[in-house]
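**Q** coordinates only, sequence not included:
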């Protein structure tokens, strides 16, 4: 019903920057909340950042001051700008959206995009 497609991952050196994007498509009335999570192999999926429909943002302590979440409501797209990247930021990043559709409110995930921080 709703699909999330991520892009922008890749390999970057420590201290570098990347910008992730996630575009939503389908039977969307409105997107209530966007989020980015990350999950290393064998570990739980951790919240990185969220942004509400009112533009209120929140961040994990580990990324505060380095990562910025933003959205383009007209394009149903969310972004994660990542600066001062560290090797410990290496993992798969997942986009999340809480979406109002004609049939109700649902939660959706993207397929994940790999971010590797290495020299």
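**A** Here it is on my side, so go on. The structure displayed is predicted, hence computed values, not measured ones.

**Q** Contact partners for the residue nearest the centre of the chain?
**A** Nearest to the mean C-alpha position of the chain, by CA atoms, centre = their mean, lies residue 36 at 2.9 Å. By CB atoms under 8 Å, 6 or more residues apart in numbering, the contact set of residue 36 is 20, 22, 47-50, 69, 78, 80, 93-96. All C-beta atoms are positioned from the backbone trio N, CA, C, and that covers glycine.

**Q** Next step: the residues you listed restricted to strands.
**A** If you go by DSSP state E, these have 20, 22, 47-50, 69, 78, 80, 93-96 in strands.

**Q** Just the closest of these to residue 118, please.
**A** Closest approach between the ones in strands among the contacts of residue 36 and residue 118, by CB to CB: residue 93, at 15.7 Å.

**Q** What residues are bridge-paired with that closest one?
**A** residue 38, residue 113 (DSSP bridges).

**Q** what does residue 51 give?
**A** residue 34, residue 57.

**Q** That one: neighbour count?
**A** 22 (other CB atoms under 10 Å).

**Q** that older thread, quick one, which of the ones in strands among the contacts of residue 36 are buried?
**A** Among these, those classed as buried by 16 or more other CB atoms under 10 Å are 20, 22, 48, 49, 50, 69, 78, 80, 93, 94, 95, 96.
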